[in-house]
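In: dropping a prediction and its sequence here:
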Amino acid sequence: MTPAELSDAIVAALTAQVEAGTLRLPDGVPSEVVVERPRNKEHGDYATNVALKLAKKAGMAPRELAEALADGLAATDGIAKVDIAGPGFLNITVSAGSQGKVAGDVVAAGAAYGSSDVFAGERINLEFVSANPTGPLHIGGVRWAAVGDALGRIFTLTGAEVSREYYFNDHGGQIDRFSNSLLAAAKGEPVPEDGYGGQYIEDIAKAVLKKQPGALDLPEDEAREVFRADGVEMMFGEIKQSLHDFGVDFDVYFHEDNLHKSGAVERAIARLTELGNTFEAEGALWLRSEKFGDDKDRVIVRSDGQGSYLSGDLAYYLDKRERGFERCFIMLGADHHGYVGRLMAMVSAFGDEPGKNLEILIGQMVNLLRDGQPLRMSKRAGTVVTIDDLVDAIGVDASRYALARFSSDSTIDLDLDLWARQSSDNPVFYVQYAHARVASILRNGADLGLAPAGAGFDPSLLAHEKEGELLRALAEFPRVVAAAASLREPHRVARYLEATAASYHRFYDNCRVLPMGDEEPNDLHRARLLLVFATQTVLANGLRLLGVSAPERM
RNA sequence: GCCCCUGUAGCUCAGGGGAUAGAGCACCGCCCUCCGGAGGCGGGAGCGAAGGUUCGAAUCCUUCCAGGGGCGCCA
């Protein structure tokens, strides 16, 4: 019996009481109730606080209501025992038969196990990374590569149609400085003031020259354009490749420059002006963002006639909405949180609903440690840590897992030595090891000609305490994914996997799966093998959500 | 000055208003006659401070303290 099924049973018991006239609920019967796994074993397999929650509305004492519900629940198929405890908790013990069934359900669902309808039918636009193409992807942008992509996978499993987008800032001053730096490097001149230095600039300048040998013979302006166009394209190609190697591929790479060239920016501004949300002052055009909760009004067209950075965002947002995305997400680093106010004001200015049509997720900073010492990062000193450096140091699996396992709200210190270690203090290895162990037992079973139990297996065979614990953990997965989706917190999946791996190890230590010696295979062996198979399914599905491999062997 | 995030065990971190606050690492002590010991079992120690809301607060609200990040007609 799963938590969802239990919730239904409790709702049914409530409904029965209401229909019998023994319970009055002015607001009606809730469609679902909280069913949790108690920490304390004495509190049963599952517990619910419905009696505490509804007592006041029903005008009853919590324990009185709990008692009224207990009888109806106890008669429900699959429930072995219902106890009332403390102020009015209902502690439910599930029968082994109804619990063991979960193993079959998981295997039957396979890769789809964990899905739900949190975002059923919704189209979600996820914008993340969006780093400037003026240099290799540095570590700051990598957190969202891991977390954003995981979130996309989670949203997909919960029913959404997801578009991953990379907003490519190929317009404006930074790109000018980038082109100038390339040009200077090609000429063998020193790095211009406010320019970009580093080996990659030299490399790209060289590559551009190789492609267009006559570039330096052109007039300065034309030469700069050559370096701009080719340089940006090359840089962007490298970033794309790095992300691809990291397991992250975007559905749309959106070029800011196009928004300016296509007139999309003017259209967005015209719309805002129509709505009365712009004004002119000091030679510039402003968005009335303060009116919509921002700290101050913001310039959208500078006094020199150039669109501000925000103007591109206006057009891009409008474009997303016109492409039919009701929900847009933008993921930013904490160093850009100051941008939230104006973006949300923009949403309101368009007549949309901030927080619904646009949600902005902020990820705090990532610090890298080596030998316990912070890794100093300096562009000038050439010690910029890029996504490729991280992958070289600890690998894709550890990188993605390490970045996704913590709440985005907390600043994280990643110890490269720890995450490079192939030992148990490295959480990703703990989970992957559990998966490899599972795979190994399934292989051994197959070698013995033993297959996991099929559809008609007797679930009550899985009655051992550790089997129950593992089954309840497996039953939890869809709820964990749903919570990760609705709270936008992929780290919940990682933590869940660690707990489930631990639960599997305990089962493994207590319950012999395969026949010993020349023992004849029996139904218990096959039932346990099914449970092992179900565990593999859950671990593999969970790791896939994080973009981490589930190795058969290690 | 204003805004955002954080403060939980020696360390790194979980903890969607619920019962006796958890995990890994580190430390101490156990468990290998067969499925992977990269594992399991046991042990000590903690919610930054003060108020408030609630039947019930690590969780919600207020104030304060401490740390991190941010407050351009840059992108």
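Out: It's in.
In: show me which helix runs longest in chain A.
Out: For chain A, the longest helix by residue count, based on DSSP state H, is helix A:220-245.
In: thought residue A:390 was touching residue A:400?
Out: No - look at residue A:390 against residue A:400 with CB atoms under 8 Å: they stay out of range, at 10.0 Å. For the C-beta atoms, the positions are set from N, CA and C on the backbone; glycine is no exception.
In: so in that sheet, which strands flank whichever helix or strand comes after the longest helix of chain A, and in what orientation?
Out: Downstream of helix A:220-245, the next assigned helix or strand under DSSP states H and E is strand A:252-255. Note on strand A:252-255: by DSSP bridges, its sheet partners are strand A:161-168 (parallel).
In: what angle separates the strand it pairs with from helix A:220-245?
Out: Interaxial angle of strand A:161-168 relative to helix A:220-245 (axes from the mean of the first three to the mean of the last three CA atoms, to 10 degrees): 140 degrees.
In: list the contacts of strand A:161-168.
Out: A:122-130, A:133, A:148-149, A:152, A:155-156, A:236, A:243, A:248-256, A:316, A:320, A:325 (CB atoms under 8 Å, 6 or more residues apart in numbering).
In: mind listing what's buried in it?
Out: The neighbour-count check on strand A:161-168 (16 or more other CB atoms under 10 Å) flags A:162, A:163, A:164, A:165, A:166, A:167, A:168 as buried.
In: and that strand, does that touch RNA strand B?
Out: No - Strand A:161-168 is not in contact with RNA strand B by CB under 7 Å from any atom of the strand; minimum separation 10.1 Å.
In: check the offset of that strand from the chain's centre.
Out: Mean-position distance between strand A:161-168 and its chain equals 14 Å (CA atoms, centre = their mean, to the nearest Å).
In: model confidence over that strand, on average?
Out: Averaged over strand A:161-168, pLDDT sits at 97.
In: tell me the secondary structure at residue A:367.
Out: Under DSSP: H, G, I helix; E, B strand; the rest coil, the three-state class of residue A:367 is strand.
In: ok, it - contacts?
Out: A:374, A:375, A:411, A:412, A:413, A:414 are the contacts of residue A:367 under CB under 8 Å, 6+ apart.
In: quick revisit: which strands or helices does the longest helix of chain A pack on?
Out: Judged by 3 or more CB pairs under 8 Å, 6 or more residues apart in numbering; DSSP states H and E, helix A:220-245 is in contact with helix A:173-187, helix A:199-211, helix A:387-404.
In: does it come close to RNA strand B?
Out: No - contact of helix A:220-245 with RNA strand B (CB under 7 Å from any atom of the strand) is absent, the minimum separation being 11.6 Å.
In: excluding its backbone neighbours, what's nearest residue A:206?
Out: Nearest in space to residue A:206, with sequence neighbours left out and distances taken as CB to CB, 6 or more residues apart in numbering, is residue A:186 at 7.6 Å.
In: and the residue of the stretch 101-250 of chain A closest to RNA strand B?
Out: Nearest residue of the stretch 101-250 of chain A to RNA strand B, counting by CB to the nearest atom of the strand: residue A:172, 3.0 Å away.
In: that residue against residue A:311, yeah?
Out: No - using CB under 8 Å, residue A:172 makes no contact with residue A:311, being 10.1 Å away.
In: show me what contacts the nearest residue to residue A:424 once chain neighbours are set aside?
Out: Leaving aside its sequence neighbours, residue A:424 sits nearest to residue A:430 (CB to CB, 6+ apart; 5.7 Å). Going by CB under 8 Å, 6+ apart, residue A:430 touches A:424, A:498, A:501.
In: can you tell me the SS state at the second one?
Out: This means residue A:498. The three-state assignment at residue A:498 reads helix, by three-state DSSP.
In: quick check: it vs residue A:506, distance?
Out: From residue A:498 over to residue A:506 the distance is 13 Å, taken as CB to CB, to the nearest Å.
In: give me the pLDDT value at residue A:385.
Out: So, for residue A:385, pLDDT stands at 81.
In: quick one: contacts for the residue nearest to it when sequence neighbours are not counted?
Out: Once flanking residues are discounted, residue A:385 sits nearest to residue A:139: 4.5 Å by CB to CB, 6+ apart. Counting by CB under 8 Å, 6+ apart, residue A:139 makes contact with A:366, A:368, A:377, A:385, A:386, A:387, A:389, A:390.
In: wait, a helix at residue A:305?
Out: No - counting by three-state DSSP, residue A:305 is located in no helix; its state is coil.
In: before we move on, which element is residue A:441 in?
Out: Using DSSP H and E, residue A:441 sits in helix A:427-447.
In: where exactly do the strands run in the stretch 251-400 of chain A?
Out: Secondary structure of the stretch 251-400 of chain A (DSSP state E, counting those that start in this stretch): strands at A:252-255, A:278-281, A:284-287, A:298-301, A:327-333, A:358-363, A:366-370, A:373-374.
In: least trustworthy helix or strand in chain A by mean pLDDT?
Out: strand A:373-374 (a mean of 76; mean pLDDT, DSSP states H and E).
In: ok, and what's touching stretch A:442-456?
Out: A:104, A:107-108, A:513-515, A:521, A:523, A:525-527, A:529-530, A:532-533, A:536, A:552.
In: ok, now how distant is residue A:163 from residue A:322?
Out: 13 Å.
In: so what's the backbone phi/psi at the residue lying closest to residue A:411 once chain neighbours are set aside?
Out: Of all residues not flanking residue A:411 in the chain, residue A:364 sits nearest, at 4.3 Å (CB to CB, 6+ apart). The phi/psi pair for residue A:364 (degrees, to the nearest 10) reads phi -70, psi 170.
In: quick one: neighbours of residue A:364, just the number.
Out: 16 (other CB atoms under 10 Å).
In: that one and residue A:406 touch, don't they?
Out: No - in this structure residue A:364 lies outside contact range of residue A:406 using CB under 8 Å: 9.0 Å.
In: which residues touch residue A:132?
Out: Neighbours of residue A:132 in contact, by CB under 8 Å, 6+ apart: A:169, A:174, A:175.
In: what is the neighbour count of the last one?
Out: Summarising burial for residue A:175: neighbours were counted as other CB under 10 Å, giving 20.
In: again with the first one
Out: The burial count assigned to residue A:169 is 19, neighbours taken as other CB under 10 Å.
In: so what's it up against?
Out: Contact partners of residue A:169, counting by CB under 8 Å, 6+ apart, are A:130, A:132, A:133, A:175, A:256, A:309, A:312.
In: which one is residue A:508 nearest to, not counting chain neighbours?
Out: Leaving out its chain neighbours, the residue that sits closest to residue A:508 by CB to CB, 6+ apart is residue A:437, at 7.1 Å.
In: quick one: pLDDT of the one you found?
Out: Note on residue A:437: pLDDT of 95.
In: and the one 3 residues further on, by the same measure?
Out: According to the predicted model, the pLDDT of residue A:440 comes to 96.
In: again with residue A:378
Out: Looking at residue A:378, its pLDDT stands at 55.
In: my understanding was that residue A:499 contacts residue A:473; is that so?
Out: Yes - using CB under 8 Å, residue A:499 is in contact with residue A:473, at 6.6 Å.
In: first vs last residue of stretch A:332-342, how far apart are they?
Out: Its first and final residues considered, stretch A:332-342 spans 14 Å by CA to CA, to the nearest Å.
In: repeat for stretch A:237-254
Out: End-to-end distance for stretch A:237-254, by CA to CA: 14 Å.
In: returning to what we had before: of all the helices and strands packed on helix A:220-245, which one comes closest to residue A:43?
Out: Comparison of the helices and strands packed on helix A:220-245 against residue A:43 by CB to CB identifies helix A:387-404 as nearest, at 31.5 Å.
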